[in-house]
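Engineer: Provided below are the primary sequence and the corresponding predicted coordinates.
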Amino acid sequence: MIVYTKSWQDLFAEVIETALCTLCGACSGFCPYLTYYRGRIAVLDNCTRTNEAQCYQYCPRTYIDLDTLSRAIFLSPYSAEPLGHAKAVVMARSADTKVRAGAQYGGVVTTILSFALQKRLVDAVLLVRTLWDKTPQPFVARTTDDVMQCMGSNYMACPLLHGYNQFSKEHISGDCRLAIVATPCQVLSVAKMKSRPPQNKLNIANVKLVIGLFCTWALIPDRFSSFLRKAVNLADVIKFDVPPPPANRFDIYTKSGRISLPLEQIREFTMPACAYCTDMTSEFADISVGAAEGIEGWNTVVIRSEAGDELWQRLTTEKKVEVGELPSSNLEHLQAAAMLKKKRAITELTRKSGDQGNLLYLGLSPELLGKWVA
């Protein structure tokens, strides 16, 4: 039996009360004492199970040695490269014009998930669905139609892993194979689970596929939702988008047209925890997907794991995706943006701890840290 030396009190003291919480949901949904409520993690009762504090263990903002984690997930040391461990970086889009028509960018995520369900590689997919009031909610998709309902970007923080924990309650002893679509902090939590399997939950080995999303920041759901209600008629909103630089705006597409707001106005709703995140491209996923900046209708795709590579080869062989070479200028800009996020996070973590040698949750070798801040 695994013995945990930290409790939920430590989780609150070190993470939730210090603005490091990402609202990933890893600590709630399964535990009867913690839950997600109106944009925060709340305590329902005093938990005395200090030797079973998985809420602390799998939080992406409690200490983790990135090199140890990389060896567990990829069987290799943590990469000093801006994009992390990567077998290939390509530009791609769905071969299905119907998917492309409804997708945020190139529809690659929808195509991957639909293919995995159709080929019975997975039985279900955990992802985010946008509700009528435009707030995000964890959702378990079991069909391609379910997946299609979840297309598009929301930009608000969502306790996705709260949904995983609730799903675990139903399938604790089952063999349901699951895919997860997640942001970098959520992907990191899943990687921690894979490196040290949880007790009394769905077998983490049944998570067959992790699709990571590119993410620079997320918005505080309750605050941004309140702002939206005053700014637009929510019933008319079709989708949100953040165009690439130098646009510097947040676009809200409605039935009557586009409403553009200054990005600085939106950034006031950013989760404080995002300032301390070093990962822009979901480095511990099997496959990571984002926009191909400046190339409308295409995605940037990073193939990372053996499982991800095998799946990608099947997708290309069966012509489910169209693949092109990512322009070198795009790759260089993506690498620069990813490294800038790392440097900014290191600066903020150092400022928060008050000690250049203390990066709080982040375990980095001096050599790697030197490469990041050089």
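Structural biologist: Yes, it's here.
Engineer: quick one, domains of the chain?
Structural biologist: Under the assignment automatic domain parsing, the domains of the chain span 8-220+270-373, 222-267.
Engineer: Highest average neighbour count across these: which stretch is it?
Structural biologist: Of all the domains of the chain, domain 8-220+270-373 has the most neighbours on average by mean count of other Cβ atoms under 10 Å, namely a mean of 19. Any C-beta I mention is one placed from the backbone N, CA and C, and that applies to glycine too.
Engineer: ok so, going back, can I get the domains of the chain in TSV including mean pLDDT?
Structural biologist: TSV is the format used below for the domains of the chain (pLDDT from 0 to 100):
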stretch	mean pLDDT
domain 8-220+270-373	94
domain 222-267	93
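Engineer: Quick check: L213 vs P327, distance?
Structural biologist: 21 Å (Cβ to Cβ, to the nearest Å).
Engineer: residue contacts, S79?
Structural biologist: Neighbour list for S79: 70, 85-86 [criterion: Cβ atoms under 8 Å, 6 or more residues apart in numbering].
Engineer: With V147 instead?
Structural biologist: 110, 113-114, 117, 125, 127, 141 are the contacts of V147 under Cβ under 8 Å, 6+ apart.
Engineer: Dump these to a markdown table, plus secondary structure and distance to A374.
Structural biologist: Below are these laid out as a markdown table (DSSP: H, G, I helix; E, B strand; the rest coil; distance: Cβ to Cβ, whole Å):
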| residue | secondary structure | distance to A374 |
| --- | --- | --- |
| T110 | helix | 39 |
| L113 | helix | 39 |
| S114 | helix | 43 |
| L117 | helix | 44 |
| V125 | strand | 40 |
| L127 | strand | 37 |
| A141 | strand | 43 |
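Engineer: Turn these into TSV, columns for distance to C31.
Structural biologist: Shown next, in TSV, are the contacts of V147 (distance: Cβ to Cβ, whole Å):
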residue	distance to C31
T110	32
L113	28
S114	33
L117	30
V125	24
L127	22
A141	25
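Engineer: Closest to I303 out of those?
Structural biologist: Nearest to I303 out of these is L113 (Cβ to Cβ; 16.0 Å).
Engineer: Kindly confirm whether my reading is correct that that closest one touches I180.
Structural biologist: No: assessed by Cβ atoms under 8 Å, L113 is found out of contact with I180, at 10.2 Å.
Engineer: what's the overlap in contacts for these two?
Structural biologist: 125, 127, 211.
Engineer: Tell me the one of the residues you listed nearest A19?
Structural biologist: L127 (26.6 Å).
Engineer: Closest to the centroid, which residue in the protein?
Structural biologist: Among the residues of the chain, the one closest to the centroid is T183, at 0.7 Å (Cα atoms, centre = their mean).
Engineer: Phi first, then psi, for that residue.
Structural biologist: phi -80, psi 170 (degrees, to the nearest 10).
Engineer: my guess is it meets I211, correct?
Structural biologist: No: taking contacts as Cβ under 8 Å, T183 lies outside contact range of I211: 10.6 Å.
Engineer: how far does stretch 149-162 sit from the chain's center?
Structural biologist: 9 Å (Cα atoms, centre = their mean, to the nearest Å).
Engineer: err, stretch 332-339, not the other one
Structural biologist: Relative to the centre of its chain, stretch 332-339 is centred 18 Å away, using Cα atoms, centre = their mean.
Engineer: Send me that stretch as PDB with only the CA atoms.
Structural biologist: Listed next in PDB are the C-alpha coordinates belonging to stretch 332-339 (Å, rounded to 0.1, in the frame of the first residue of the first chain):
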ATOM      1  CA  GLU A 332      10.600  28.700 -34.500                       C
ATOM      2  CA  HIS A 333       7.900  31.000 -33.300                       C
ATOM      3  CA  LEU A 334       6.200  28.200 -31.400                       C
ATOM      4  CA  GLN A 335       9.500  27.200 -29.800                       C
ATOM      5  CA  ALA A 336      10.200  30.800 -28.800                       C
ATOM      6  CA  ALA A 337       6.700  31.300 -27.300                       C
ATOM      7  CA  ALA A 338       7.000  28.000 -25.300                       C
ATOM      8  CA  MET A 339      10.400  29.000 -24.000                       C
END
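Engineer: Number the residues from 612 up from this point.
Structural biologist: Got it, first residue is 612 now, which makes that one stretch 943-950.
Engineer: ok, and what's touching it?
Structural biologist: 692-694, 700, 827, 891-892, 901, 904, 911, 983.
Engineer: Please flag which of the residues you listed sit within helices.
Structural biologist: Among the contacts of stretch 943-950, the ones falling in helices (DSSP state H) are W983.
Engineer: That'll do, ta.
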